[in-house]
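Student: With the input below, show me the fold.
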Amino acid sequence: MKSWQDFLAAAKRSGGRGRSCLEAVKEAAASEIYRTAKDAEAYYRHENPTIARTQRMIYTMLGEAMPDIWRPNHKIPSRYYHYFITQEVQYLLGNGVSFPGTEAREKLGRGFDRQVQKAAVYALNAGVSFGFWNADRLEVFPLCGVDEPSFCPLWDEEDGSLRAGIRFWRLGEGRPLRMTLFEAEGTTDFILPKEEGAGPFEGEVRAMGPRKPYSGGGSPGGRLPIVPFFNTNRQSELTGARAALDAYDLLLSGLVNNTDEGNLVYWVLKNCNAMDEEDDAAFLAGLRRTRVVHADGDEGASVEAHTVEVPVDASEAALTRLRAQLFDDFMALDVKNIAGGTPTATQIAAAYEPLNAKTDAFEYCVLEFLEGILSLAGVKDPPSFRRSVIANAGEQIANILAAAPYLDGETVTEQLCVALGLTDRAGEILEKVRS
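Tutor: Modelled structure (predicted):
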């Protein structure tokens, strides 16, 4: 992608920022990080672009490949990627961001927690997302949007900071391309009208008006009011995991296809020596279409169906192994490991350990993002998180009561509310205790 310095140089050559915006957007849309983000968004939406492109083929006598329209071609995407991303985000942010006082909440607004969760999902999918502090609320920009505009960052090649960015979108084929350039001084809107015969990035860009200051009279401290939200290692969660996800989906789809095909039926034609491969294909096509076969002749022509049993046990074993591999690769919590009987607190803690380790690393990314947003919003209170944990409630309550003599009454009440799932009523219950 273009740097801020390259953007300014291109704008100087072309005589304006509009053409430079178009070049930056075109380059971003063709980049590897953008394509990965687009595919990750598809996996997150319970789609698999790899198996969607898979097509069974047959070959003619001349060796030409043709789509196989006879054999079943079910394409079954799993939901594991969505599960892993949702688990990590909700584990850390499901209870919202906590602040010691009420002033922060008043400044950030009621929708702040939901926007932070949204930014976290986009960051995990693409490796980075962007938070825009719009005077009194947080808005989130994905690198590659599906149902909303995408965002092209312009980084400073000297210190790596985000200097500007371009939000771009097109409502559909044949519609104009819209672009909004975000700079520290304000925003400028551009449009590329769709001309007949022109490519998606061809034509004359024009400004839709002069640069506009941000709401509230400008950005705080003259800074760009957009903060990047990086994932761990600044890469998509799909990186390195795609092959295992595709292998699972392809294996599951193949198992269903083979079963649907009737245990791999093949045919033996007897006393049909006058038939060539073209005749065989026509014969089988008629058989599949009508389910009727005419077998006669002086030498007693006949046809027999044979089956090869689908290797269900081997497929199931492979699917089970791949499932375990996916949970290991994503460091996710597999509730099946603690679902049987009444697990102890130690067993539950051990099952959570991989997810805790991964979330600890991601928490630093969230805190770095929040530091930038809170600075723009004028909030000085430090943020904190309370993770959503499955627990042995009886053992947890017993531990709280055992420690009660060493704690004050409000702390004991607060911890009991958490153990009993009454967190949303903790404030109300504490008020009653105080009175």
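
Student: Please point out which parts of the top helix by length along the chain sit buried.
Tutor: Criterion DSSP state H: the longest helix present in the chain is helix 345-377. Neighbour-count burial for helix 345-377, counted by 16 or more other CB atoms under 10 Å, picks out 348, 351-352, 354-355, 358-359, 362-363, 365-366, 369-370, 372-374, 376-377. The way it works is simple: take the backbone N, C-alpha and C, and place the C-beta from them, glycine included.

Student: can you give me the helices for the chain?
Tutor: Going by DSSP H, the chain shows helices at 4-14, 17-29, 32-44, 49-52, 80-93, 103-108, 112-126, 242-260, 277-290, 312-329, 345-377, 393-403, 409-419, 426-434.

Student: Can you lay out these as a markdown table showing distance to M179 and mean pLDDT?
Tutor: Formatted as a markdown table, those follow (distance: least, CB to CB, whole Å; pLDDT from 0 to 100):
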| stretch | distance to M179 | mean pLDDT |
| --- | --- | --- |
| helix 4-14 | 12 | 89 |
| helix 17-29 | 5 | 93 |
| helix 32-44 | 15 | 95 |
| helix 49-52 | 26 | 83 |
| helix 80-93 | 29 | 95 |
| helix 103-108 | 29 | 88 |
| helix 112-126 | 19 | 96 |
| helix 242-260 | 31 | 83 |
| helix 277-290 | 53 | 68 |
| helix 312-329 | 38 | 89 |
| helix 345-377 | 23 | 91 |
| helix 393-403 | 53 | 71 |
| helix 409-419 | 47 | 74 |
| helix 426-434 | 46 | 69 |
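
Student: which stretches of the stretch 101-250 of the chain have low pLDDT?
Tutor: 196-198, 216-221 (pLDDT under 70).

Student: per-domain residue ranges of this protein.
Tutor: For the chain, the structural domains run 242-329, 391-435, going by automatic domain parsing.

Student: how long is the first one from one end to the other?
Tutor: Which is domain 242-329. 11 Å (CA to CA, to the nearest Å).

Student: would you list every one of the strands in the stretch 151-300 of the chain?
Tutor: 162-169, 177-183, 186-192, 206-207, 226-230, 265-270 (DSSP state E, counting those that start in this stretch).

Student: Out of the ones you listed, flag the one nearest E410.
Tutor: The minimum distance between E410 and the strands of the stretch 151-300 of the chain falls on strand 226-230, with 35.0 Å, by CB to CB.

Student: which helices and strands does the closest one pack with?
Tutor: Identification of packing neighbours for strand 226-230 by 3 or more CB pairs under 8 Å, 6 or more residues apart in numbering; DSSP states H and E yields helix 112-126, strand 128-133, strand 162-169, helix 345-377.

Student: That strand to strand 177-183, inter-axis angle?
Tutor: 100 degrees (axes from the mean of the first three to the mean of the last three CA atoms, to 10 degrees).

Student: Strand 226-230: how far from the chain's middle?
Tutor: Relative to its parent chain, strand 226-230 has a centroid offset of 17 Å by CA atoms, centre = their mean, to the nearest Å.

Student: got the buried residues for it?
Tutor: I226, V227, P228, F229.

Student: can you tell me how far the second one sits from E371?
Tutor: Taking CB to CB, to the nearest Å as the measure, V227 and E371 are separated by 8 Å.

Student: Also the first one?
Tutor: Relative to E371, I226 is positioned 14 Å away (criterion: CB to CB).

Student: got the helices and strands packed on strand 226-230 as a markdown table, with distance to G94 columns?
Tutor: Compiled in a markdown table, those are given as follows (distance: least, CB to CB, whole Å):
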| stretch | distance to G94 |
| --- | --- |
| helix 112-126 | 8 |
| strand 128-133 | 18 |
| strand 162-169 | 28 |
| helix 345-377 | 11 |
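
Student: which stretch among those comes nearest Q5?
Tutor: Nearest of those (CB to CB): strand 162-169, 8.7 Å.

Student: got the contact list for that closest one?
Tutor: 4, 7, 21, 24-25, 28, 130, 141, 145, 148-156, 177-184, 224, 226-228 (CB atoms under 8 Å, 6 or more residues apart in numbering).

Student: residues near K2, how many?
Tutor: 23 (other CB atoms under 10 Å).

Student: Identify the residues contacting the nearest residue to it once chain neighbours are set aside.
Tutor: Among residues not flanking K2 along the chain, A24 sits closest, at 4.5 Å (CB to CB, 6 or more residues apart in numbering). By CB under 8 Å, 6+ apart, the residues touching A24 are M1, K2, F7, A10, C152, L154, I166.

Student: Which one of these is nearest to V116?
Tutor: Nearest to V116 among the contacts of A24, with distances taken as CB to CB, is C152, at 22.5 Å.

Student: Next up, the contacts around the closest one.
Tutor: C152 touches M1, A24, V25, A28, G165, I166, R167, F168, counting by CB under 8 Å, 6+ apart.
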